[in-house]
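Participant: Sequence first, predicted coordinates after that:
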Amino acid sequence: VQLQASGGGLVQAGGSLRLSCAASGSIFSMSAMGWYRQAPGKQRELVATITSDGRTNYADSVKGRFTISRDHAKNTVYLQMNSLKPEDTAVYYCNSEIRTTRWGPVYVYWGQGTQVTVSS
């Protein structure tokens, strides 16, 4: 199983970016998916999560600006980021809880990260 994140880049403050993360490989089912970020010198922190039935959770710092969504048919999770601020600059990672067989355990898989840089 692989998670491939994309969509990062350089944007001015106030701008928008849309991140995507597609899962591929031997996937039986996917439950929660999420986005995390890690800024230089800081610990990785939760940005947003979404359950298989669409319930969402956001860090206070991004509420009202970021929107997480998913496409079950494409095994993909998205993060729409609006009104970006310089403090949003970080490497963004996606993850997903995935079961590879019907009766097997659930593992958490991580994507490789995509850089988001917001200039002031």
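Facilitator: Sure, I can see it. Numbering: from 1, shown residues only.

Participant: For stretch 56-75, measure first residue to last.
Facilitator: 17 Å (C-alpha to C-alpha, to the nearest Å).

Participant: Could you do stretch 89-108 as well?
Facilitator: Using C-alpha to C-alpha, the two ends of stretch 89-108 sit 25 Å apart.

Participant: Mind listing what's buried along that stretch?
Facilitator: By neighbour count on 16 or more other C-beta atoms under 10 Å, the buried set for stretch 89-108 is 89-98. Glycine gets a C-beta too; all of them are placed from N, C-alpha and C.

Participant: Could you pull up the residues touching residue 71?
Facilitator: Counting by C-beta atoms under 8 Å, 6 or more residues apart in numbering, residue 71 touches residue 78.

Participant: follow-up on the earlier one: got the buried residues of stretch 89-108 as CSV, with pLDDT, distance to residue 12 and secondary structure columns?
Facilitator: As requested, the buried residues of stretch 89-108 are exported to CSV (pLDDT from 0 to 100; distance: C-beta to C-beta, whole Å; DSSP: H, G, I helix; E, B strand; the rest coil):
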residue, pLDDT, distance to residue 12, secondary structure
89, 98, 12, coil
90, 98, 16, strand
91, 98, 19, strand
92, 98, 18, strand
93, 98, 23, strand
94, 98, 24, strand
95, 97, 28, strand
96, 97, 31, strand
97, 97, 35, strand
98, 96, 36, strand
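
Participant: which pair in the residues you listed spans the largest distance?
Facilitator: 89 and 98 (29.0 Å; C-beta to C-beta).

Participant: ok, residues contacting the strand or helix carrying residue 4?
Facilitator: Using DSSP states H and E, residue 4 maps to strand 2-6. Strand 2-6 is contacted by residues 19-25, 92-96, 109-114 when judged by C-beta under 8 Å, 6+ apart.

Participant: List only buried entries from those.
Facilitator: 19-23, 92-96, 109, 111, 113-114.

Participant: surely residue 14 meets residue 83?
Facilitator: Yes - using C-beta atoms under 8 Å, residue 14 makes contact with residue 83 at a distance of 6.1 Å.

Participant: Tell me where this structure has strands.
Facilitator: 2-6, 9-12, 17-24, 29-38, 45-50, 56-58, 66-71, 76-81, 90-99, 106-110, 114-119 (DSSP state E).
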